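Q: Turn this into a model:
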Amino acid sequence: MGTVPLHHEVEPLAELVPVPDLTHEVLPTLREGGLFEPPELSDRVIRTEHVVSHDPHVFVRVHRPVGFDGPLPCLYSIHGGGYVIGSLDQDDAKLDVWCAKFGIVGVSVEYRLAPEVPYPGPLDDCYAGLAWAHENADELGIDRDKIGITGVSAGGGLCAGLALLARDRGEVPVQFQLLDCPMIDPTQATVSSQLDDLLMWSRVSNEFGWRSYLGDLYGRDDLPPYAAAALADDLTGLPEAYVCVGGADGFRDEDVHYAMRLYGAGVPTELHVYPGAPHGVGFFVGTEIARRYHADQTDWLGRQFARLE
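A: Numbers count the residues shown, from 1 in each chain. Sure thing, here's the model as predicted:
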């Protein structure tokens, strides 16, 4: 159905990031080898792992900045990977920066992956980790009234679902949600979701991810709102939101629409769309658009934590 031009700095680098279409055949290879080398981390943050539950096995990594006394605000983070790949290691780099910069505690969750564990399993794991951080706030040096949540791609979809779930259960107060190119609409009915030659995350991969995550629920009209936030009827009472997405990302239209609906429901929402940016633009380190993408998130987070002081 056509294409969208890539940012001029990203286009010559596109061939350096060969990401195959996700299928059952390639999934084991991607899980085993990963797609990118792990970054070097600083000594400004101490990282510890804690078991949230044994059955199912869910654990979190707590990132605490050196030289800061608690209780500190908390950023709870959910990694991406189309609901089928990835690990909490993906959150290390950004929390290494943000925890030290803002003087906050970061908590990243290792949730179970689809298709072995479809909805609601991964979301239940994310909620369990959030509830654990809230319940153990005193021991962790967290201010339980200053917790925000964030997620990237499928992690952004889980984050949006988590915000809805936390609102409805009323057990853990969430102060804000940062949705980074969230994967929230399984219908693939938007113009951007049908674009050809999408970099990093294709139509084939998107359908595979959703089929894996939703299982027998895929294609049904009566999906629970927590499974796909774009289909939720009621967005009132959700925490303040930041939504960002690339103009060359297949999730562009669903994310823009969701941000508009949030704002229409009375949720203070900031929306950023970056022309020519593909899905996962942050991987194109050194480009101006990747730096701006990250800087804008950092700026918004800074304002959120300042608001919570």
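Q: Please list all residues in contact with the residue nearest the centre of the chain.
A: Centroid check for the chain by C-alpha atoms, centre = their mean gives G151 as the closest residue, at 1.8 Å. Taking C-beta atoms under 8 Å, 6 or more residues apart in numbering, we find G151 in contact with 77-80, 157-160, 162, 178-180, 182. Using the backbone N, CA and C atoms, a C-beta is placed for each residue, glycine as well.
Q: Can you pull the phi/psi pair for it?
A: phi -170, psi 150 (degrees, to the nearest 10).
Q: Setting aside sequence neighbours, what's the nearest residue to it?
A: Once flanking residues are discounted, G151 sits nearest to C159: 3.2 Å by C-beta to C-beta, 6 or more residues apart in numbering.
Q: Out of the contacts of G151, which is nearest to D221?
A: For the contacts of G151, the minimum distance to D221 (C-beta to C-beta) is 18.6 Å, reached by G157.
Q: Past the helix or strand hosting the closest one, which element shows up next along the chain?
A: According to DSSP states H and E, G157 maps onto helix 154-169. Per DSSP H and E, the first helix or strand lying C-terminal to helix 154-169 is strand 176-180.
Q: Over to V172: give its phi and psi.
A: The phi/psi pair for V172 (degrees, to the nearest 10) reads phi -120, psi 110.
Q: Which helix or strand contains the nearest residue to it once chain neighbours are set aside?
A: Nearest in space to V172, with sequence neighbours left out and distances taken as C-beta to C-beta, 6+ apart, is H134 at 4.6 Å. Per DSSP H and E: H134 is located in helix 121-135.
Q: Restricting to C-alpha, output that helix in PDB.
A: Taking Å, rounded to 0.1, in the frame of the first residue of the first chain, the C-alpha atoms of helix 121-135 are listed here in PDB:
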ATOM      1  CA  GLY A 121      -0.100 -14.000  31.200                       C
ATOM      2  CA  PRO A 122       2.400 -11.300  30.200                       C
ATOM      3  CA  LEU A 123       0.200  -8.500  31.500                       C
ATOM      4  CA  ASP A 124      -0.500 -10.400  34.700                       C
ATOM      5  CA  ASP A 125       3.300 -10.600  35.200                       C
ATOM      6  CA  CYS A 126       3.700  -6.900  34.600                       C
ATOM      7  CA  TYR A 127       1.000  -6.100  37.100                       C
ATOM      8  CA  ALA A 128       2.600  -8.500  39.600                       C
ATOM      9  CA  GLY A 129       5.900  -6.800  39.300                       C
ATOM     10  CA  LEU A 130       4.300  -3.300  39.700                       C
ATOM     11  CA  ALA A 131       2.300  -4.500  42.700                       C
ATOM     12  CA  TRP A 132       5.500  -6.000  44.200                       C
ATOM     13  CA  ALA A 133       7.400  -2.800  43.900                       C
ATOM     14  CA  HIS A 134       4.600  -0.900  45.500                       C
ATOM     15  CA  GLU A 135       4.200  -3.400  48.400                       C
END
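Q: Now do whichever helix or strand comes after that helix: everything it contacts.
A: Next helix or strand after helix 121-135 toward the C-terminus (DSSP H and E): helix 137-140. By C-beta under 8 Å, 6+ apart, the surrounding residues in contact with helix 137-140 are 62, 64, 70-71, 74, 105, 107, 133, 143-144.
Q: Try it again at 6 Å.
A: With contacts defined as C-beta atoms under 6 Å, 6 or more residues apart in numbering, helix 137-140 is touched by R144.
Q: Okay, buried residues for that helix please.
A: By 16 or more other C-beta atoms under 10 Å, the buried positions in helix 137-140 come out as 137, 140.
Q: and if you look at stretch 272-282?
A: For stretch 272-282, a neighbour-count test (16+ other C-beta under 10 Å) marks 272, 274, 276-282 as buried.
Q: Could you export those as TSV, including secondary structure, pLDDT and distance to Q188?
A: Formatted as TSV, the buried residues of stretch 272-282 follow (DSSP: H, G, I helix; E, B strand; the rest coil; pLDDT from 0 to 100; distance: C-beta to C-beta, whole Å):
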residue	secondary structure	pLDDT	distance to Q188
H272	strand	98	23
Y274	strand	98	22
G276	strand	96	22
A277	strand	96	20
P278	strand	96	17
H279	coil	96	14
G280	coil	93	18
V281	helix	95	21
G282	helix	90	24
